[in-house]
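*Asks:* I would like the atomic coordinates for the input below:
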Amino acid sequence: MAETASAQTLSLSEQYHLENEVKQVKEVVAPQVTTSDDNTSDSEEETPDEITLETAPADFRFPTTNQTRHCFTRYIEYHRCVAAKGDDAPECDKFAKFYRSLCPSEWVDRWNEQRENGTFPGPL
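*Replies:* Okay, the predicted model is just below:
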């Protein structure tokens, strides 16, 4: 009976990967061209590109609504990546984006001070 229930529902990791695939598919919106008679002015500017606000994707390791541990883990993952690959590694940018969107800036400031002082409690 448990086998039939699991066959019908996706595991958390499958849901996570499916959500990522769906997010990668984006619709392309063609720019709208407007024409007017003699009322055009040179001071009109084109509309800026659409701004998208994103946060870290759902992580099956943190299924609850409290994202404190998720924030801390992403902060540690970023600094481990930087330590392993260097400050300019583009692979680490996604981790930076994730922890910056999840963590309050006061926490990040305090953790940065602790890292500088050598008193950071996490495993870096």
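*Asks:* just give me the longest helix of this structure.
*Replies:* Under DSSP state H, the helix in the chain containing the largest number of residues is helix 68-85.
*Asks:* could you point out which element follows that helix?
*Replies:* helix 93-102 (DSSP states H and E).
*Asks:* tell me what that next one is packed against?
*Replies:* Applying 3 or more Cβ pairs under 8 Å, 6 or more residues apart in numbering; DSSP states H and E, one finds that helix 93-102 contacts helix 68-85. Just so you know, the C-beta spots here come from the backbone N, C-alpha and C atoms, and that holds for glycine as well.
*Asks:* which positions in stretch 68-75 come out as buried?
*Replies:* For stretch 68-75, a neighbour-count test (16 or more other Cβ atoms under 10 Å) marks 70-75 as buried.
*Asks:* an error on my part: the question was meant for stretch 84-93.
*Replies:* residue 92.
*Asks:* that stretch spans what distance, first to last residue?
*Replies:* 13 Å (Cα to Cα, to the nearest Å).
*Asks:* outside of it, which residues touch it?
*Replies:* 78, 81-82 (Cβ atoms under 8 Å, 6 or more residues apart in numbering).
*Asks:* of those - the most surrounded one?
*Replies:* For the contacts of stretch 84-93, the largest neighbour count, defined by other Cβ atoms under 10 Å, is 20 neighbours, found at residue 78.
*Asks:* report the contact partners of that residue.
*Replies:* 92, 95-96, 98-99.
*Asks:* quick check: the gap between the closest residue to it other than its chain neighbours and residue 81.
*Replies:* The shortest distance from residue 78 to any non-neighbouring residue, by Cβ to Cβ, 6 or more residues apart in numbering, is to residue 95 (3.7 Å). Using Cβ to Cβ, to the nearest Å, residue 95 is found at 6 Å from residue 81.
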